[in-house]
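Q: sequence and predicted structure below; questions after.
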Amino acid sequence: MGWKKKITLTTLLTGSAAIGIHLINKTIYLSSIVDNNLNNSDGNYYEWKFGKIFYKKTGNGKPILLVHDLSTFSSAMEWKKIIKNLSHNHTVYAIDLLGCGRSDKPNITYTNFLYVQMITDFIKNIINEKTDIAATGLSASFVLGACHNDHDIIDNIILINPSDIKATSNIPTKSTKVLTKLINLPLIGTLLYNLLTTEKNIQLTFSEKYYYDCSKIDNQLVKTYYEAAHCGNASSKFLFASICGYYTTANISLYLEGLNNSIFIFVGEKEEIQMEYAKQYQTLLPSIEIIEIENTKFLPQLEKADEFTKNVSILLVSDYTSNIPN
């Protein structure tokens, strides 16, 4: 075979492979959004400098901001079972972080300080008064960072199963930077992201990490998480790439220095390692109070919403009344 024919054949095979990968990615995208679970409810958008931030505002009273865990399939839907009850005594703001859910998902490097800025700006420009705040998992560092930078915007802090302090201090390395670049590639990177965020894998995350009692898992919610991971035609992969590259990490020990806020850490009783993580925070700041929610794992606000909300309401009301001047 002549060199011209070899080049032609190689070009045809490469083109066919690219088309095939594109069709696979397109099929995954279309299948993920078919139920339209994310966009069937009203909300608002905050026009932030790096993109539009989706949020829902409900209720009346002292404001509380709810910040979901940082993953490409998480969104404000994480709080859906507690918003109504909290809104009886609070003005509840539930947001989708940049790169997640219904918020914009720009092709940028997502960093810890980016989210610290986002939360700070949202409180100052939308809530416009000192607020209580709750955050899950990796997002705990953004809340602590925002509070560390500006003590006047955040009052009580509730952290749900915050991440390991040692792990969240990891910094980008040569290998993680290469992985970030791989995931950001147009076709191959998108395919890799799609293969790692299948509905089956998200279901496994719910059954192995999020819930203790698998019979309580709402399959419709799993589908919503799957949709969140792929809406915007897999543009969430840019956030995924940044997480894999350790760009969203921070030294939480520095964030905790000098904080005098009331901080409460909720831990799923069936996730023993999370209690060890919580004690890391308590060691650095002994005033932190730890509350266990029995028979739950990573998301007690979904698995045992009533018990979780009851505890939060008691803590916030108790703290509020204790600070009323005589």
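A: Yep, that arrived. Residues are numbered from 1 along each chain as shown.

Q: tell me where the stretch 51-200 of the chain has strands.
A: Along the stretch 51-200 of the chain, the stretches classed as strands by DSSP state E, counting those that start in this stretch are 51-58, 62-67, 90-95, 131-136, 154-160.

Q: for these, give me CSV that also has mean pLDDT and mean neighbour count.
A: Backbone N, C-alpha and C define where each C-beta goes, glycine included. Below are those laid out as CSV (pLDDT from 0 to 100; neighbours: other CB atoms under 10 Å):
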stretch, mean pLDDT, mean neighbour count
strand 51-58, 97, 18
strand 62-67, 97, 24
strand 90-95, 97, 24
strand 131-136, 98, 25
strand 154-160, 97, 23
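
Q: export those strands to JSON lines and tack on distance to Asn251?
A: As requested, the strands of the stretch 51-200 of the chain are arranged in JSON lines below (distance: least, CB to CB, whole Å):
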{"stretch": "strand 51-58", "distance to Asn251": "26"}
{"stretch": "strand 62-67", "distance to Asn251": "19"}
{"stretch": "strand 90-95", "distance to Asn251": "24"}
{"stretch": "strand 131-136", "distance to Asn251": "17"}
{"stretch": "strand 154-160", "distance to Asn251": "16"}
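
Q: hey, where'd the helices end up in the stretch 101-250 of the chain?
A: Per DSSP state H, counting those that start in this stretch, the stretch 101-250 of the chain carries helices over the ranges 112-122, 140-149, 174-183, 188-196, 199-205, 219-230, 237-244.

Q: the ones you listed: lowest mean pLDDT?
A: Least confident of the helices of the stretch 101-250 of the chain, judged by mean pLDDT, is helix 188-196 with a mean of 85.

Q: Ile314 is nearest to which of the strands of the stretch 51-200 of the chain?
A: strand 154-160 (11.9 Å; CB to CB).

Q: show residues contacting the closest one.
A: By CB atoms under 8 Å, 6 or more residues apart in numbering, the surrounding residues in contact with strand 154-160 are 123, 130-137, 140, 143-144, 146-147, 261-266, 281, 299-301, 312, 315-316, 319.
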